[in-house]
Each structure stands twice: as structure tokens, then as C-alpha cells.
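Peer 1: Have a look; sequence and predicted model below, questions after that.
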Amino acid sequence: MRNLLKILFVSLALFVAGDTVKAQDKAQDIFVPISKYFSQGNVESLSAWFDDNLEINILSQGANASRNQARQMLKSFFDKYTPRSFEITHTAGRANMKYALGTLNAGGENFLVTIFISAKDESFHIQQLKIERVG
């Protein structure tokens, strides 16, 4: 909810200034809080970005899961691998679908994280999340 208010505030400020915010610009900004939550291991805040149902794959254990199931899977991962840092290394996509690749250092190991976000009714939700070991 806090992030939604932040996005609304920024959108309003730019609108008042005479600019409009395009969906793709907001999608790029969306990776800022998501990165922060990954680096903190903040499952609750991160799962707020989850769609009602999403595809999640953590260390080759994949499922089409509800938001709550995905939250539990991610919590189990963070309980085992405490995050130390997270960095987005690449972003790309189209107007209604964005993705990011990132590197997560957690539990003394490095992981590649892939995040797909889709736009629905001017809001963005994580549709797919994949975490895999590097090397």
C-alpha cells in the first residue's frame, strides 16, 4: 500500500508539472523497491508485489502458486539463505511486460534472480519469479 501511495504521489506531482508518466517508466521504477526488499529478505513487502497467482521457481522447485504459497516458498528460501545484497543487472521489456535480471548474494552463495512484471489496470504485479544458483 505504501508503494502504491508513493507511485500515486509521484504520478500526481509529474501530472501537476505538466508531464505524464508512462507505464514503462513506472515499471522501471518498480524494480527499485523490489531490489531493496530482496536485499533485505523482506518477504512481506516483496510479496505485496505478487500477482494473485504467479509462477515461482526456486532452486529448480517450481509451481504455479497463489500469493500466499509463493510467500511461503520465498520465506523458506530466505530462512535458509540470508540475503546480503541484491543488484539488478539488466532490465528490458515492453509497455505491459517488464523483466529484470539480478544477482542475489545470500547465505554465502550467489543466485541469479529473474523477475517478470506485468501491468494490469495501471498497477504492476510480479507474474514470474525464478531464483537459481550461479555456477
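Peer 2: Thanks, I have it.
Peer 1: From one end of stretch 55-75 to the other, what's the distance?
Peer 2: End-to-end distance of stretch 55-75 (C-alpha to C-alpha, to the nearest Å): 16 Å.
Peer 1: Lowest-scoring secondary structure element of this protein by mean pLDDT?
Peer 2: Each helix and strand of the chain was given a mean pLDDT (mean pLDDT, DSSP states H and E); the minimum falls on helix 2-16 at a mean of 40.
Peer 1: hang on, isn't Phe77 packed against Ile131?
Peer 2: Yes. Contact between Phe77 and Ile131 holds when scored by C-beta atoms under 8 Å: they sit 6.5 Å apart. Quick note: C-beta positions are derived from backbone N, CA and C, even for glycine.
Peer 1: Can you check which residues contact both of those two?
Peer 2: Where contact means C-beta atoms under 8 Å, 6 or more residues apart in numbering, the residues bridging Phe77 and Ile131 through contact with each are Ile58, Leu59.
Peer 1: Enumerate every residue touching Met97.
Peer 2: Applying C-beta under 8 Å, 6+ apart, one finds that Met97 lies in contact with Phe116, Ile117, Ser118, Ala119, Gln127.
Peer 1: Of these - the most surrounded one?
Peer 2: Comparing the contacts of Met97 by number of neighbours (other C-beta atoms under 10 Å), Ile117 comes first, having 23 neighbours.
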